[in-house]
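K.L.:
my questions are about this predicted structure, shown below with the sequence.
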Amino acid sequence: MSSSSDFPIDYIDFGGDLDSSSDAVYKRLTFIGASAVSLLCYEKPSELSNILQKNPKYQFVKKNDIISDVWSLSSTISGPGDLDEIDPDSAPLIAWSVRLQVLYLGFRGSHSTKDAWTNIDVRQSSTPALASKFHSGFLLRAKYYSELIRQLAERYKVVVCGHSLGGAVATIAAYHAITEDSDINSVRNVWNTEVTSDSDSQGESEIYLSPRISVITFGAPSMMVLEPFGTTATPPKCFTKNFHHIINRDDIVPFILNQASQKAKEVMEATHKVLAIWPDAKVFFGILLKLFQSWAEARQPFAHYGIIYLIDPVEGDSTGIIQCYAIITSRQIPQTPKVDLRFHSMEHYNRCLDKTLTDRKELPEISTSLSTTLTSTNFYRDLLPLPKIIKGCKGIVYPTKVVISCPIGPDLLQFCTKNVSFDISQKWKKGEIYKSEKKFGKSTVDASQITLEITYSMLPNTPGEALFDMADAIERTLQLHDSFGRVLPLEVSRLQRPQLNATHFQTTYESIRNAMIIAFANQIAKVQNLKRNGSQNQEALLQAGVLTEDARATAEVVDSLVANATPSLIKKNFTNASKIVESIWNSSNETATLKNETPSEKTAPKSEPCADDLQNFLDKVIQAFQEQNKTPMGFFSTILGGKAQGKDWESIEVFSKVASCSKSITLAETLESFGRELYSREADSEDRIDQASVQSGRVILIMRFCHTVILTQLDPPIDFCIKFNNLVLSAITSGTMSIGRSVLAASGWTYLSYFFGIYTGLLALNWIGLVVGYLTNHTVQVQEGFDKMLQVSIQTLKLQVSEPSSPEVTITDLLEPDYQNSGERDTQEKWRKRLNDGLRNMPRSQKRNQQWEADKIHRSKHYPIATISWSKWLFDVAKIGKLRRSAISQLYISVEGTTGVGKSTLLTTLTAASRDTFNPGLTASSRTTEMQSYTPPGLATVFCDCPGSDDVNPEIRKMARLFRGLMNVIIFVVPFDQIRSKGTNAVFDEITHFIRENKQPRPFRILLGKADQVEYDDTLADLTYKFTKLKKEAIQHISKEGKFAINHQIRTLLRLNGTVVQSNETLQDIVHLYSTHAQMSMAGPRALSDCVQGTRRKVKDPDQHRHLNELAERGLLWDIESLRQWLHNLAPGSVPNSRGRVFQNS
């Protein structure tokens, strides 16, 4: 037995140091080199070469070519199944020894808050190919590097080294590199010079070269989980001689994990005693208990794997010589030391290792036994030969960023890519205008191919032309910089520039809402058209209840998703889904509940008990959100009207209500019912507005409920889609340790060691602060789990993403042939098998192109198996892709403003629509209560007359904001002569709110309508003065109401040379005096440019007509042609073709 229960001996090799005398010298130099590299890991990456050259700490290893040169690798690499970015300062180092002809791969120890969270994630996890379990935090970081080590070991002698956390990562990564590959059944240390006989060489001897891997760690914590002997999970003993762990008997870190587990149990017992006396403290200690529970419930202790070395002074020696010797008996293992982190620093270990070399004069000669001795320069050229250029790069220009995707040829290039740059115009070099982010991942077409994705995001308030110039520069001058200082050109063959309608819908989740609102608007448009074109009759009433083709298609998708929702996912995800829906639908930050007014008996809708129950339930949900900051842990108690209980949501009553509503309520029936109600609504009824409020409110309620249920299905836990036996796939799970990041400081082990020593005091206060930080920062993780699962699915099915801005449509296209049979078991089983095949046939490496070792994995019962639930999820995603595609298929342009300002006339003239397409008027009956829409023949643009943003009814104004969120382009119209009227102020409130929120910048204009009615004295100068003054007054009024500076910068969208970009505009650019009549015919709302020559104009006075035209030419006035030109510049083909402004002399 071990003399310390905190240091299990089960995986320790007590065989001793059996190397030959010649090997022993090389081994000692190798250890000294590993120590220097492990210390270099803490240096600034950009200055490594200079530090190695000049810092006295490294003088010996540099002078003697033990470490000849060192380079930092990339901090962004591909992981199995996802894309992750590692802390830039924790990227490993690679070093070359000319003397030893050895490659070093070094990992940094604990140095940041991220490292601290890695240390305390003590869940016990494994990977698909191995049964052995490891410390989850270490495994999560190490899993990225096993393939790198395998590839390096095929060509070089490799030493994997590291200190503390870095040593644990080095051990796990190298262990996977060695044991996962059945081709490797014999691995030697890098210093072994044993000669083997070769029958084909007539008795001559040769050096055994491959593979050569040695792992050397300093002060590393235990990292492997003790497994029962005789099982497939037990680590093989044949590789223990390749793992060398150097520890200081006064260093607590190698002992701390098992000690902490025991202390955690004691802390939990003490905490439960506190809670028995003070139950209310559970609010503060709940998260803390979960953390301790993960420690206390560790099923097996953690252990080191390999040979253990102690460093001790030589007895009786006064010269300071240190001996580093292998432990050969369990009695030599020291007792768990007290906490003193001075003995844990890498500086301390390096000083000790430096003193182990007793004779520095008689170093072995530089190796000449190899056929070629590689210098540092020849080494990196041999390691990573680069092509002259990488071709086939593609990209997309978004309004605020440019995303480039490049196929990377050499597999090692992902580890050695330091930066990707381009030569931007000189005018933008003076200041920062963008930030960049790079990610690597497996190609969706060929999993053996690595893809580099670079995102260049514009910084706030950057001019739009900078994005256009940047896109142009990227297309011409993109280049990659590797770790060794070389530059590789990247040829961008295609740079896609999406149209305006594809730039507004930012997320999958938002597109679901937008698709339902579009279906709602389509049905409204149909019913209004029926009311205009026919008398009130039974046949028309029946037609009003028949959905349009587009509305029907959307409703069928939504209803199918809701009806087939998995109850367990509704129960699990309803809380978070509700928060997301609340955020999306109430982006205006107004959370007023829907109005519960009772309409007259004549028009009252039929009683729908389930809808009424749903109304009450969701009202409570909204109320809970409103009060959440006050009672962050009492969410369910607010909903249920009782005290908080941990299992409230599990209650049958609440869950049954939601589940039953999801089965009995359909969007199709709701829209059909609304269509009949709208058709039956009398235009001059006194309670017309109240009817509209209640009827529209019910539709929105049902849409929100459907949206919530759908979102519960899109974020399944990984084990819902993929089954493993005794396996945790930590690469895809969302990570349970993300509860705060501000408390843990520099050393990842510092707080850990002290915390378990004292439960009270300053550190306990730090932990309470951590919990409070969690309770006061409830950020909703929108789409994170969905996006990862979507990426895994695309990769498993080896798909090429056709539309990067909406990748789910790739699934839609793939599953289209089986779409109608998606509910059938045979269809789902067919796709489950295809997913299974994709998991099984995913290659591990470009060079080997091997398949997973199926037989070996099946024997160990660790093969990942796709579930029926995954195939069902795929069909759900395919349906979502169909919704998203429909949501961006058309461009939406809205006009809103005060009643009687001329919106309907403007729209009719702008679109060349018939006179009765939009409902004009000045009476109360013309108050717009639902969005009116029209699509001109041959155009993919929907022009909308939105609900009155000046309406006194809050529900109508709420409807205005809802529809406004759907629009790609927004035009506000207010009367020029009523800037300070009550109705106009209401519109200005909406305008200032829109400007202030500005979450998704869109092009918009504020038009001061009916400017042709300005009185003037028959001179152009007089009219120019009055127009300038009116515009200035309007800008001042808007600035005052919104508390903006006069030159306040507003983010909008512009189109520059075919590229839609975000840019800044001021109110001077946005506010314009406007006249529809200036270019309208006398006979009706028709643009003069759409009429035959000689058509009589609306403005009879020839001088006024001439002056209005001159002002429009100068840009002091906007007319219908100005508006058409602006819209055409934003989105070519969005408005009817025009022959331009018409000027008539008489």
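P.N.:
Perfect, I can see it now. Residues are numbered from 1 along each chain as shown.

K.L.:
in the stretch 951-1100 of the chain, where is pLDDT below threshold?
P.N.:
Of all residues in the stretch 951-1100 of the chain, those with pLDDT under 70 make up the ranges 951-952.

K.L.:
that one: strands as residue ranges?
P.N.:
In the stretch 951-1100 of the chain, the strands defined using DSSP state E, counting those that start in this stretch lie at 969-975, 1004-1009, 1050-1056, 1059-1065, 1071-1073.

K.L.:
can you list these in JSON lines and add distance to E816 and mean neighbour count?
P.N.:
For every residue, glycine as well, the C-beta is placed using N, CA and C. Formatted as JSON lines, these follow (distance: least, CB to CB, whole Å; neighbours: other CB atoms under 10 Å):
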{"stretch": "strand 969-975", "distance to E816": "32", "mean neighbour count": "24"}
{"stretch": "strand 1004-1009", "distance to E816": "37", "mean neighbour count": "25"}
{"stretch": "strand 1050-1056", "distance to E816": "32", "mean neighbour count": "20"}
{"stretch": "strand 1059-1065", "distance to E816": "29", "mean neighbour count": "22"}
{"stretch": "strand 1071-1073", "distance to E816": "46", "mean neighbour count": "23"}
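
K.L.:
how is this structure carved up into domains?
P.N.:
Per the record, the chain has its domains at 21-255+300-377, 386-497, 535-714, 716-730+782-885, by automatic domain parsing.

K.L.:
ignoring the adjacent residues along the chain, who's closest to E955?
P.N.:
With sequence-adjacent residues excluded and distances taken as CB to CB, 6 or more residues apart in numbering, E955 is closest to S693, at 3.8 Å.

K.L.:
now do whichever strand or helix holds that neighbour: distance to the chain's middle.
P.N.:
Counting by DSSP states H and E, the element that carries S693 is helix 688-714. The gap between where helix 688-714 is centred and where its chain is centred comes out at 28 Å by CA atoms, centre = their mean, to the nearest Å.

K.L.:
just stretch 1067-1085 next, same as before
P.N.:
That offset, for stretch 1067-1085, works out to 44 Å (CA atoms, centre = their mean).

K.L.:
identify each buried residue in it, please.
P.N.:
Neighbour-count burial for stretch 1067-1085 flags 1067, 1070-1081, 1085 (criterion: 16 or more other CB atoms under 10 Å).

K.L.:
could you do stretch 1129-1144 as well?
P.N.:
So, applying 16+ other CB under 10 Å, buried residues of stretch 1129-1144: 1130-1131, 1134-1136, 1138, 1141-1142.

K.L.:
still on that earlier bit, looking at the domains of the chain, which one has the lowest mean pLDDT?
P.N.:
Here the lowest mean pLDDT among the domains of the chain goes to domain 535-714, at a mean of 67.

K.L.:
what about Q499, distance to G1133?
P.N.:
Here Q499 is placed at a distance of 9 Å from G1133 (CB to CB, to the nearest Å).

K.L.:
also A1083?
P.N.:
Taking CB to CB, one finds A1083 at 27 Å from G1133.

K.L.:
my read: Y380 touches S68, true?
P.N.:
No - between Y380 and S68 there is no contact under CB atoms under 8 Å: 11.0 Å.

K.L.:
what residues do those two have in common as contacts?
P.N.:
Common neighbours of Y380 and S68 (criterion: CB atoms under 8 Å, 6 or more residues apart in numbering): W96.

K.L.:
what is the burial count for the residue nearest to E955?
P.N.:
Residues lying near S693 (other CB atoms under 10 Å) number 23.

K.L.:
could you pull out the strands for the stretch 1-150 of the chain?
P.N.:
So, for the stretch 1-150 of the chain - with DSSP E, counting those that start in this stretch - the strands run 69-72, 76-79, 82-85, 93-97, 102-107, 124-125, 134-135.
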